[in-house]
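Asker: quick one: sequence plus predicted model below, questions after.
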Amino acid sequence: MKEFSNETRAKNLQAMQNEELDLLVIGGGITGSGITLDAQSRGIQTGLVEMRDFASGTSSRSTKLVHGGLRYLAQFALKEVHEVGSERAIVYNNAPQITTPLKMMLPFYAGGTYGPFTTSVGLDVYDRLAQVKKSERKIMLEPNETIDREPYVKAEGLLGSGVYVEYRTDDARLTLEVAKKASELGALIANYTKVTGLLYDENHKVCGVKFVDVQSGETGEIHAKKVVNSCGPWVDEIRDMDGSNKGKHLHLTKGVHLVIDNAKFPISNSLFFDTPFHDGRMMFAIPREGKTYIGTTDTTWEEDPKEPNITVADVTYILAAANQMFELPQKLTPDDVESGWSGVRPLIQEEGKSPSEISRKDEIFQSDTGLLSIAGGKLTGYRKMAEKIVDRVGEQLAAETDYTFEGQQTEHLLLSGGDVGGDEGWSSYFDKMVHEGIVNYDLEREDAEKLVQRYGSNVADIYELLPDGEEKDGLPRVDWAMLNYGLKAEMVEHPIDYLLRRSSQMLFNINHMNEVKDAVIDYMADYYNWDEATKKSMTDEVNTKLALTDLHEIKDAYAAHEA
Ligand SMILES: Cc1cc2nc3c(=O)[nH]c(=O)nc-3n(C[C@H](O)[C@H](O)[C@H](O)COP(=O)(O)OP(=O)(O)OC[C@H]3O[C@@H](n4cnc5c(N)ncnc54)[C@H](O)[C@@H]3O)c2cc1C
């Protein structure tokens, strides 16, 4: 097992203070993790600090798609469609365990944004630009074929649909697998480490950071030849510290997703559809693990980006769209919402544009002090974003030090857990490891499948951890093994890291999560020897998060509104 634990974290923090790094990356979302992997794989000694957990910002709150961005096509941003679209195949090949191809249906209606012709031509252009494999190219369906395939799609006014392929991912785990791979290659990585200030040399060039270890409260300094700010919605906070938050700046928009049991929202394809409100917005409805999630909203957010809320307006908007778009056995109400999430997009402000129109393009800013900041973009394009900024860092290091510039090494670099024989070998690897789980470890098929799907080639480590008997320390044996793997190999520091981001139970298996959460907290309290106050604050953190998606008040307000 490749260690990536609390001890690794402590050692890394110490090492980062002892030596001058070539590069320090601030922010452990997908952007910062991708930059760290890219730089480290080119021989640039890199450190990464994240103030909370990996992917706790926007990178665990997306629509969870590795997708080519049909939206870019609507904006005629052809270069972006080509770049991001082509990246899908690369991400899939390097981590097939967390990227699952999905049929995406785009239904069109009389009077809607898209008709049969525009959809067909648009998807053709998309297939070409995104270099989609032949077997995954679009097909067009007549209205009756659309209904045959997805019986609950609204029939009235339906003119047909286009079906194409996108990839569903687990955004938090994708981020983590990138960080774990970077760690394997020698990057020094620590979560719960917050940058509180920047350090400058005598020429007023940035040469490191001040930080606080959020776990212990201790402070320190890290010195580095180059510093990259990849703090997503917090990019401007770091630019403020640097005194360089001028010109273009971030515009944050909030996006909410809701999770509903698939029995109540029974779709089998993913769908991408116009909202029925003629507001130019589109929504996704995506089946996953026996649930369907639907979103998203897009509204300007001007408060703290840490925990954006879910409001009555958000829930009403999403449910109204679902109820008008689908003819479900029963209309959906907030009572059907099991969980949800809310995140903010770190978009780059362009004057005079509405949130939906602002480009999702990424941009790099370099300040006079040498601080490099990167914002915008998408989860899907993380590898290309990393390449662009590390090219810049590499060129600067080559000019200023004895470093010899090397191009990106990540195109064929398997992520942690991705050593499964590529996209072609994945299916037989999956069958083999599921079989092994059932035969050698006495697992139920469903559990073995979930484990192989979640951990890919790291699943053998989880199998080895499985205890005998049905449960241990009050935890079902599968949870016990996953939690212990998280503690030893996935830097789980807080219970919420495991419950929400490592296992996704808080989103897609909330009933089970409610059953195991106390045992998880107890186990971790023993494991880390927490005092009562620490244990309480860890418990509060879980409960506060749960309260955010407890739609209690929303349900009342919704009922009043409907009445
Ligand atoms: C609703 C929604 C849906 C989306 N859907 C998709 C999708 O389906 N597909 C897709 O490709 N993209 C999607 N995106 C876009 C994608 O999620 C983002 O582009 C991406 O996650 C941004 O990652 P990031 O690393 O830049 O930011 P973040 O993930 O927010 O990471 C920044 C990190 O910096 C840390 N940080 C901040 N300040 C400090 C500090 N002082 N010290 C240390 N660390 C600090 C934060 O804690 C945070 O973890 C979506 C976005 C949203 C909001």
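Answerer: Sure thing, it's come through. Residues are numbered from 1 along each chain as shown.

Asker: what about the one residue in the stretch 251-400 of the chain that gets nearest to the ligand, how many neighbours?
Answerer: Relative to the ligand, the nearest point of the stretch 251-400 of the chain is Gly255 (2.3 Å; CB to the nearest ligand atom). Where C-beta positions appear, they are placed from N, C-alpha and C, glycine not excepted. Gly255 has 22 neighbours, counted by other CB atoms under 10 Å.

Asker: for it, give me its contacts.
Answerer: Gly255 is in contact with 61-63, 295-298, 342-345, counting by CB atoms under 8 Å, 6 or more residues apart in numbering.

Asker: which SS state does Glu145 fall under?
Answerer: Put simply, Glu145 is helix when judged by DSSP: H, G, I helix; E, B strand; the rest coil.

Asker: swap in the one 10 residues further on?
Answerer: Local secondary structure at Ala155 is given as coil here, using three-state DSSP.

Asker: A helix includes Leu487, no?
Answerer: Yes - Leu487: assigned to a helix according to three-state DSSP.

Asker: residue contacts, Pro276?
Answerer: With CB under 8 Å, 6+ apart, Pro276 has these contacts: 320-321, 324-325.

Asker: give me the distance between it and Met385.
Answerer: Computed as CB to CB, to the nearest Å, the Pro276 to Met385 distance reads 34 Å.

Asker: Arg173: neighbouring residues, count only.
Answerer: For Arg173, using other CB under 10 Å, the count is 28.

Asker: secondary structure class of it, three-state.
Answerer: Per three-state DSSP, Arg173 ends up helix.

Asker: what pLDDT does it get?
Answerer: At Arg173, the predicted lDDT confidence score is 98.

Asker: tell me the contacts of it?
Answerer: 98, 454, 501-502, 504.

Asker: related to what we said a few turns ago, of the contacts of Gly255, list those near the ligand.
Answerer: Residues of the contacts of Gly255 in contact with the ligand (CB under 6 Å from any ligand atom): 61-63, 296, 343-345.

Asker: nearest to Gly417, of these?
Answerer: Minimum separation from Gly417 among those (CB to CB) is found for Ser62, which lies at 19.5 Å.

Asker: wait, is that closest one part of a helix?
Answerer: No - assessed with three-state DSSP, Ser62 is coil; it does not lie in a helix.

Asker: list the contacts for it?
Answerer: Going by CB under 8 Å, 6+ apart, the list of residues near Ser62 reads 171, 255, 343, 379.

Asker: in helices, which of those residues fall?
Answerer: Asp171 (DSSP state H).

Asker: any of the contacts of Ser62 buried? List them.
Answerer: In the contacts of Ser62, burial by neighbour count holds for 171, 255, 343, 379, counting by 16 or more other CB atoms under 10 Å.

Asker: any idea how far the nearest residue to the third one once chain neighbours are set aside lies from Pro305?
Answerer: Using CB to CB, 6 or more residues apart in numbering and skipping residues adjacent in sequence, the residue nearest Gly343 is Arg61, 2.5 Å away. Look at Arg61 and Pro305: by CB to CB, they are 10 Å apart.

Asker: ok, now which ones touch the spatially most central residue of the chain?
Answerer: Nearest to the geometric centre of the chain sits Asp171, at 2.4 Å (CA atoms, centre = their mean). Asp171 is in contact with 30, 55, 59-62, 64, 379, counting by CB under 8 Å, 6+ apart.

Asker: burial of the residue in the stretch 51-200 of the chain that the ligand sits nearest to, as a residue count?
Answerer: Closest approach between the stretch 51-200 of the chain and the ligand, counting by CB to the nearest ligand atom: Gly57, at 2.4 Å. Gly57 sits with 27 neighbouring residues when counted by other CB under 10 Å.

Asker: could you do Thr333 as well?
Answerer: With other CB under 10 Å as criterion, Thr333 counts 15.

Asker: how about it, phi and psi?
Answerer: Dihedral pair for Thr333: phi -130, psi 170, per degrees, to the nearest 10.

Asker: is it true that it touches Ala322?
Answerer: No - applying CB atoms under 8 Å as the test, Thr333 and Ala322 come out as separate, 10.6 Å apart.

Asker: can you pull the residues of the protein lying near the ligand?
Answerer: Residues of the chain lying near the ligand (CB under 6 Å from any ligand atom): 26-32, 49-52, 55-59, 61-65, 67, 194-195, 230-234, 255, 296, 343-346, 377-380.

Asker: from the residues you listed, which land in helices?
Answerer: 30-32.

Asker: tell me the one among those nearest to the ligand.
Answerer: Thr31 (3.4 Å).

Asker: ok, and the closest non-adjacent residue to that closest one?
Answerer: Per CB to CB, 6+ apart, closest to Thr31 is Ser230, 4.1 Å.

Asker: does that neighbour touch Thr36 like I think?
Answerer: No - judged on CB under 8 Å, Ser230 makes no contact with Thr36 at a distance of 9.0 Å.

Asker: look at those two and report which has more neighbours.
Answerer: When Ser230 and Thr36 are compared for neighbours, Thr36 comes out ahead with 32 against 29, by other CB under 10 Å.

Asker: so the more buried one is in which element?
Answerer: helix 30-41 (DSSP states H and E).

Asker: what does stretch 32-41 contact?
Answerer: 22-23, 25-26, 46-48, 50, 54-55, 175-176, 178-179, 181-182, 185-187, 189, 228, 230-231, 374, 382-383, 385-387, 389-390, 393-394, 408-410, 413.

Asker: inside strands: which ones of those?
Answerer: If you go by DSSP state E, the contacts of stretch 32-41 have 22-23, 25-26, 46-48, 189, 228, 374 in strands.

Asker: can you pull the phi/psi pair for the residue lying farthest from the centre of the chain?
Answerer: Here the chain reaches farthest from its C-alpha mean at Glu202, the gap being 39.1 Å by CA atoms, centre = their mean. Main-chain torsions, Glu202, degrees, to the nearest 10: phi -70, psi -20.

Asker: ok, now Tyr293?
Answerer: phi -110, psi 150.

Asker: for it, which residues make a bridge with it?
Answerer: Val259, Ile286 (DSSP bridges).

Asker: that one: neighbouring residues, count only.
Answerer: Tyr293 has 26 nearby residues by other CB under 10 Å.

Asker: any regions of this structure where pLDDT drops low?
Answerer: Low-confidence segments of the chain (pLDDT under 70): 69, 71-76, 350-360, 550-553, 557, 559, 561-563.

Asker: can you give me the helices for the stretch 401-550 of the chain?
Answerer: With helices called from DSSP state H, counting those that start in this stretch, the stretch 401-550 of the chain shows them at 422-441, 445-455, 459-465, 477-489, 495-496, 505-508, 510-528, 532-549.

Asker: need those in CSV (columns: distance to Val84).
Answerer: Shown next, in CSV, are these (distance: least, CB to CB, whole Å):
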stretch, distance to Val84
helix 422-441, 18
helix 445-455, 24
helix 459-465, 30
helix 477-489, 30
helix 495-496, 31
helix 505-508, 25
helix 510-528, 32
helix 532-549, 30
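
Asker: how about the contacts made by Ala182?
Answerer: 33, 36-37, 40-41, 46, 48, 189.

Asker: same thing but 6 Å
Answerer: Going by CB atoms under 6 Å, 6 or more residues apart in numbering, Ala182 touches 36-37, 40.

Asker: gap between it and Thr36?
Answerer: Counting by CB to CB, the gap from Ala182 to Thr36 is 4 Å.

Asker: then Asn514?
Answerer: 35 Å.

Asker: how about Tyr441?
Answerer: Tyr441 is 34 Å from Thr36, by CB to CB.

Asker: start from the N-terminal end of the stretch 201-350 of the chain and give the strands.
Answerer: 206-213, 219-229, 250-261, 270-274, 282-288, 291-295, 299-300, 337-348 (DSSP state E, counting those that start in this stretch).
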